[in-house]
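Student: got a sequence here, can you build the structure:
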Amino acid sequence: MQHSEREVGTIHALLEAFVKQKLPRALEIKKRVDEGDVLNEVDIEFLERIFHEARENRGHVEQFPEYGDIVNLAVQVYHDITEKALENEKLRSGKN
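Tutor: Next up is the predicted model:
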């Protein structure tokens, strides 16, 4: 499939922002929750913004199925963060 310069530019900008900004921040949060920490308000706002941006950019990403592995990685990282953070919250509050 042939893509316009605008489509290619958009997907490259999205990928660059993901690789340079969003993924490193997500991995830092994941490391903290894997060590037993819970999410703070800034973390929650970041994750909410990422989910919102993902929904907004879904159409762009779907035009480039070759980046599906990156999208799947992102989804898995964010899922792992939220799952572990919820587990940590339950442990801290004494709920199992």
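
Student: same for the lengthiest helix in the chain, what does it pack against?
Tutor: Longest helix of the chain, by residue count under DSSP state H: helix 68-93. The contact analysis (3 or more C-beta pairs under 8 Å, 6 or more residues apart in numbering; DSSP states H and E) places helix 68-93 against helix 23-34, helix 41-62. (Glycine included, C-beta is placed from N, CA and C.)

Student: tell me the mean pLDDT for that helix?
Tutor: For helix 68-93, the mean per-residue pLDDT is 91.

Student: what angle sits between that helix and helix 41-62?
Tutor: For helix 68-93 against helix 41-62, the angle by axes from the mean of the first three to the mean of the last three C-alpha atoms, to 10 degrees is 160 degrees.

Student: tell me how far helix 68-93 is from the chain's mean position?
Tutor: The chain centre lies 9 Å from the centre of helix 68-93; the measure is C-alpha atoms, centre = their mean, to the nearest Å.

Student: show me what counts as buried in that helix.
Tutor: 70-71, 74, 77-78, 81-82, 84-85, 88 (16 or more other C-beta atoms under 10 Å).

Student: next up, the contacts around F51.
Tutor: Each residue near F51 by C-beta atoms under 8 Å, 6 or more residues apart in numbering is listed here: Y78.

Student: please repeat the previous calculation with a cut-off of 6 Å.
Tutor: Contacts of F51 were listed using C-beta atoms under 6 Å, 6 or more residues apart in numbering, and none were found.
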